[in-house]
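J.: Provided below are the primary sequence and the corresponding predicted coordinates.
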Amino acid sequence: MPINIASGIPVTIREVLPVILKIAGHHEAQVKFDSTKPTMIPKRMIDISKMQQLTNWSPENSLTDGIAKTIEWYKEFFQDKTPESLAL
């Protein structure tokens, strides 16, 4: 049975991308959105009601904190790895 784990708060790519770039130390990166390309759903919101009903769980981290922890983990995990060492 699939269960969504998320914040339950809608967010757009335009809102998330600056947070990722700032935390990753790339806040000066030039980002361009191509308005001629098809668009998808303007906001994504994952329904977490099943998780809350089954476990009484609620999100504890903000978007910014979650992204910061993810980037920290990623840098630590891949620090000494090469693409070849990860090949299946």
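T.: Great, that's in hand. Numbers count the residues shown, from 1 in each chain.
J.: Where is the longest helix in this structure?
T.: helix 63-78 (DSSP state H).
J.: Give the other helices and strands that that one contacts.
T.: Where contact means 3 or more Cβ pairs under 8 Å, 6 or more residues apart in numbering; DSSP states H and E, helix 63-78 is packed against helix 13-23. For the C-beta atoms, the positions are set from N, CA and C on the backbone; glycine is no exception.
J.: If you compare the directions of the helix it packs on and helix 63-78, what angle comes out?
T.: 50 degrees (axes from the mean of the first three to the mean of the last three Cα atoms, to 10 degrees).
J.: Distance from the following helix or strand past helix 13-23 to the middle of the chain?
T.: If you walk from helix 13-23 toward the C-terminus, the next helix or strand you reach (DSSP states H and E) is helix 49-55. Averaging C-alpha positions (Cα atoms, centre = their mean, to the nearest Å) puts helix 49-55 21 Å from its chain's average.
J.: Other residues contacting helix 49-55?
T.: Residues outside helix 49-55 that contact it (Cβ atoms under 8 Å, 6 or more residues apart in numbering): 3-5, 57-58.
J.: Can you point out the buried residues in that helix?
T.: residue 51 (16 or more other Cβ atoms under 10 Å).
J.: who are the neighbours of the helix or strand of the chain with the lowest mean pLDDT, in terms of helices and strands?
T.: Lowest on mean pLDDT, DSSP states H and E among the helices and strands of the chain sits helix 83-86, with a mean of 84. Identification of packing neighbours for helix 83-86 by 3+ Cβ pairs under 8 Å, 6+ apart yields no helix or strand.
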